[in-house]
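Colleague: sharing a model that was predicted from the sequence below.
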Amino acid sequence: MHVMQRHGVTVVLQLLAKSVCQASEAPHPHAHREINVLPGAAERIITMAESQHEHRQDLENKVVASNIEAQRLGTILGFMVAMTMVLGGMWLVHEGNDLAGMASTLAALSSLVGVFVYSKYQQQKELAKKTEALIPRPDRD
């Protein structure tokens with residue numbers, strides 16, 4: 001504060017400064033009170049953010065639905081291949097080719113078990129990675 005006297009009048013000068021620092025691209029909530037560059041810009045920004053949000057959710061829903069369909073198709077086709085091998089093995093045994101029939105049947109069943117075990121392992125690994133991303137463990141040095 002600065003006080004001056006001139007011609008018998010006391011003049012008080014006071015300088016106020018305000019500084020705002022932010023780390024986002026979106027304007028500060030009170031910025032519309034101070035600067036109104038484009039009328040309706042705030043409403044347009046909110047509409048744009050809502051539109052982008054809906055678009056992103058729509059894409060995520062399509063990706064999830066597509067993944068579910070791909071997994072269902074893979075399961076059905078895998079079952080068909082395995083059953084073809086098992087039935088083929090049973091037919092070979094019936095026709096007198098015991099060794100080839102048993103090998104075909106065991107190969108089909110062992111591949112099904114292998115795929116199941118591998119997929120469970122991958123699911124656990126992915127779950128552990130997501131858990132680590134959500135709750136990081138402290139470094140032990």
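Modeller: Structure's in. What do you need?

Colleague: which helix in the chain runs the most residues?
Modeller: helix 41-94 (DSSP state H).

Colleague: what is that one packed up against?
Modeller: The elements that helix 41-94 packs onto, with contact taken as 3 or more C-beta pairs under 8 Å, 6 or more residues apart in numbering; DSSP states H and E, are helix 98-134. For glycine as for every other residue, the C-beta is placed from the backbone atoms N, C-alpha and C.

Colleague: tell me where the model's unsure across the chain.
Modeller: Applying pLDDT under 70 to the chain flags residues 1-4, 11-37, 138-141.

Colleague: related to what we said a few turns ago, got the angle for the longest helix of the chain vs helix 98-134?
Modeller: Interaxial angle of helix 41-94 relative to helix 98-134 (axes from the mean of the first three to the mean of the last three C-alpha atoms, to 10 degrees): 160 degrees.
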